[in-house]
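S.K.: next input, structure requested:
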Amino acid sequence: MREQTNKDVLMDMEALETLLSAISALGANLRKQEPALSIYNNKQVQELLHINDKLIRKYREQGLIGYTKVGDKYWYTRKDVEAFLKNCHHQAFS
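M.R.: Okay, the predicted model is just below:
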């Protein structure tokens with residue numbers, strides 16, 4: 001078996017540091033990306049917005065919040081919730 005010289009060890013450490021740096025950058029990029037699709041059920045949206053069942057029903061009926069209905073279940077995407085919040089937002093008086 002061939003013995004490693006100091007030069008070989010140094011090259012291996014440089015390669016390892018380069019690899020670790022690349023992995024770290026990849027991890028940072030992945031953390032920045034949004035999840036592919038976040039889906040919430042009726043109860044989760046109620047808890048998220050701190051509202052009750054009657055109010056979420058009123059918002060759906062008035063077309064204020066987007067949703068998908070499958071059978072008797074209501075589902076909301078993250079974009080549905082964000083659009084609802086954006087449409088209900090009022091600027092502060094200055």
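S.K.: now the element after the helix or strand of the chain with the lowest mean pLDDT, going C-ward?
M.R.: Across the helices and strands of the chain, mean confidence by mean pLDDT, DSSP states H and E is lowest for helix 6-32: a mean of 77. Sequence-wise, the next helix or strand downstream of helix 6-32 (DSSP states H and E) is strand 39-41.
S.K.: which strands or helices does that following strand pack on?
M.R.: strand 73-77, helix 78-88 (3 or more Cβ pairs under 8 Å, 6 or more residues apart in numbering; DSSP states H and E). (C-beta placed from N, C-alpha, C; glycine too.)
S.K.: mind redoing it with 10 Å?
M.R.: Strand 39-41 sits against helix 42-49, strand 73-77, helix 78-88, with contacts defined as 3 or more Cβ pairs under 10 Å, 6 or more residues apart in numbering; DSSP states H and E.
S.K.: what pairs with it, parallel or antiparallel?
M.R.: strand 73-77 (antiparallel) (DSSP bridges).
S.K.: and the partner strand with helix 42-49, angle?
M.R.: 40 degrees (axes from the mean of the first three to the mean of the last three Cα atoms, to 10 degrees).
S.K.: and strand 73-77, average pLDDT?
M.R.: Average pLDDT, strand 73-77: 96.
S.K.: quick one on the thing from earlier: which other helices and strands does the least confident helix or strand of the chain contact?
M.R.: Counting contacts by 3+ Cβ pairs under 10 Å, 6+ apart, helix 6-32 is packed against no other helix or strand.
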